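> With the input below, show me the fold.
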Amino acid sequence: MKLETEKVFKQFLQDVAGYYGADVTRLENGQSFAIETPKETRLLGNIQKQADFLQKINYVQVDDAKGQLIFGATEGIITGRKEGARYYGGVEPSGYGYECVETDSGVLIPWARLDQWGHLAPQFAQMWADYVQRQIALDEIMIGFYGESVGKTTKDPQGKDVNKGWMQFARENKPSQVLTKGKTENIIRIFGENADYKNLDELAYDLKQGLHERHRDAGDLVFLVGADLVAKEASVVYRGNSLIATEKAALTTHDLMKTFGGMPAMIVPNMPGRAAIVTSLDNLSIYTQKGSIRRSFREDQEAKAIKDSYYRNAAYAVEDLGKFAAIEFKNVKLENEE
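Residues are numbered from 1 along each chain as shown. Okay, here's the model as predicted:
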């Protein structure tokens, strides 16, 4: 790291210490420091802003590491009439809970990159924050879809062992909401004459029918769909209509995926390519326990980099499993696949 960059980095640490009310000596020594709740909230908000998808789901703080879902679900109708008395529906919380687990995000920022940023001293802090927070946001989305377990030492590149995500929440708490097979056990065939679903419209409609009846006509339902499925749908449409090159250019992927099954469609970054989910975006949650966030910045001479660490206790939840239906993306076979 160049001398000029070292000066900029030192000023950066002083600014961070001042903002969070931390001891600058601790930061300069690479020690971690806690963040008070108001600043925690702002930090989480900044991470949330790095991905459009995170801004549309519940990204909230909770007091306890373990407890009942914050929003949850209610069963049945609460509006009616009772002769001689007031009417009250039998509304009960879903009964499902959450459990925050230790979650550690650490990124190595090479000296060479810092030297590049050092030339832009006024923007140094913002460039640093955007670089790290963007990576954290994308990781959180990926874990939400791929996460299956909480490993003592994580190794999976897709974060399957970091935390239990939304799919795993459904698998464990209400497995009927995750479709695992079509005509053949543990296989869901999409596209083609003998497929379980000839196109994504059929798939989206069927998943929608898998919701609790009180949610099937909800106006906020979306069809979250993987990029591989949309690409295959496009190729099937092109082939079926014998489109020439100019017509293909006019019929963009964006045009193809506006709606499926009467619902707006959305491709989410870091979502499995063969995944498909029908739900509302405010039915998906990421919880962070208040007071659990710790930050640190430590120089690593061997790696020739700065280690930026962001530690917290976090959990994933589907608030109302009656408003969530998905396919088991690991079981999907496309046209002509064995």
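
> how many other residues sit next to Ala276?
29 (other CB atoms under 10 Å). C-betas here are computed from N, CA, C, even on glycine.

> swap that for Ala17, sorry
Quick note: Ala17 (other CB under 10 Å) scores 17 neighbours.

> In a helix, it, correct?
Yes. Under DSSP: H, G, I helix; E, B strand; the rest coil, Ala17 sits within a helix.

> can you give me the helices for the stretch 201-338 of the chain?
Secondary structure of the stretch 201-338 of the chain, counting by DSSP state H, counting those that start in this stretch: helices at 227-241, 245-250, 253-256.

> Give me the packing partners of the longest one, helices and strands only.
Using 3 or more CB pairs under 8 Å, 6 or more residues apart in numbering; DSSP states H and E as the contact criterion, the secondary-structure elements in contact with helix 227-241 are helix 200-209, helix 253-256, strand 332-334.

> Can you give the contact residues for the longest one?
Residues from elsewhere that reach helix 200-209, judged by CB atoms under 8 Å, 6 or more residues apart in numbering: 179, 190, 197, 216, 221, 223, 225, 229-230, 233, 260-263, 265, 276-278, 325-327.

> Buried only: go through those residues for me.
The neighbour count (16 or more other CB atoms under 10 Å) marks 179, 190, 197, 221, 223, 225, 229-230, 233, 260-261, 263, 265, 276-278, 325-327 as buried among these.

> Give me the buried positions along the helix or strand hosting Leu44.
Assigned by DSSP states H and E, Leu44 falls within helix 37-48. Across helix 37-48, burial judged by 16+ other CB under 10 Å covers 40, 43-44, 47-48.

> That helix: how far from the chain's middle?
The chain centre lies 17 Å from the centre of helix 37-48; the measure is CA atoms, centre = their mean, to the nearest Å.

> list the helices and strands the following helix or strand past it packs on?
Next in sequence after helix 37-48, counting helices and strands by DSSP H and E, comes helix 52-56. Counting contacts by 3+ CB pairs under 8 Å, 6+ apart, helix 52-56 is packed against helix 37-48, helix 124-146.
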